[in-house]
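Novice: Below are the sequence and a predicted model; questions follow.
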Amino acid sequence: MQKYLLISNIVLILAVATLFYLFSRNNTTAPKAKVSVKHQKSNDSAAALDAPFRIAYFELDSVENKYKYYKQVREGLLAKEKQNQNTLAGLQRRFNDKLKNAQEKGAMLSQNEQASLQKELENMQKEYMQKEKNMGEDFMMESFKRLQGVNERIQRVAKEIAEERGYSYVLSRYESGGNNVIYYRNKSFDITDELIERLNNGKGDSALKK
């Protein structure tokens, strides 16, 4: 089941890495004079270039380690994974015990008893495989849903900060490395601490239906 948790973490990384909020602070009014489409596009482009452009970022590893709700989600998924592992381990032990018993009694069993035991072992094996498949799919769905909830909370608060401070984009990066696309950052635009504080104060909770 470890592979399912790994996939869920990748989902979180991909989901949170796509967080951004783009908005325009200055809306240009349409000119009264009739102008050509080409000229209008040129004016719009110039206005966009003249508009203030500010970018903020936050450290994703800090959010993962300090955001209380995410830690609860992560611990819940780990507990679910452990429970699934224990269930499968129990089925595996039952199968092994049955197989060992069959091997010990092999010579003493009639042909019909051997056939019946063989059928029982096959059914136990099928049960294990089906259980593993079902639990894996359920775990993936639950992981995606709960991690999506984390993403929505973070996105809501990032948008709130961007609107208050006039940021055009809010990006995320891993302080510890990884596939970051930010090669340089000015720490004066780091909103990590404020983001975490607002998240832990429940600012993003209204993004989800309880």
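Specialist: Received, thanks. Residues are numbered from 1 along each chain as shown.

Novice: Tell me how many other residues crowd Lys71.
Specialist: For Lys71, the count of nearby residues is 12 (other C-beta atoms under 10 Å). Where C-beta positions appear, they are placed from N, C-alpha and C, glycine not excepted.

Novice: Can you list the low-confidence ranges for the chain?
Specialist: 1-52, 177-185, 203-210 (pLDDT under 70).

Novice: just checking, what packs against the lengthiest helix in it?
Specialist: In the chain, assigned by DSSP state H, the helix with the most residues is helix 111-165. Packing partners of helix 111-165 (3 or more C-beta pairs under 8 Å, 6 or more residues apart in numbering; DSSP states H and E): helix 2-17, strand 55-59, helix 68-105, strand 169-173, helix 192-200.

Novice: what do you get if the cut-off is 6 Å, keeping everything else the same?
Specialist: helix 2-17, helix 68-105, helix 192-200 (3 or more C-beta pairs under 6 Å, 6 or more residues apart in numbering; DSSP states H and E).

Novice: Next, the angle helix 111-165 makes with the longest one.
Specialist: Okay, so that is helix 68-105. 170 degrees (axes from the mean of the first three to the mean of the last three C-alpha atoms, to 10 degrees).

Novice: Report the angle between helix 68-105 and helix 192-200.
Specialist: Going by the same axes, to 10 degrees, helix 68-105 makes 70 degrees with helix 192-200.

Novice: Report all helices and strands that helix 68-105 contacts.
Specialist: So helix 68-105, by 3+ C-beta pairs under 6 Å, 6+ apart, packs with helix 111-165.

Novice: circling back: deepest-packed of the helices and strands packed on helix 111-165, please.
Specialist: Across the helices and strands packed on helix 111-165, averaging neighbours per residue (mean count of other C-beta atoms under 10 Å) puts helix 192-200 on top, at a mean of 18.
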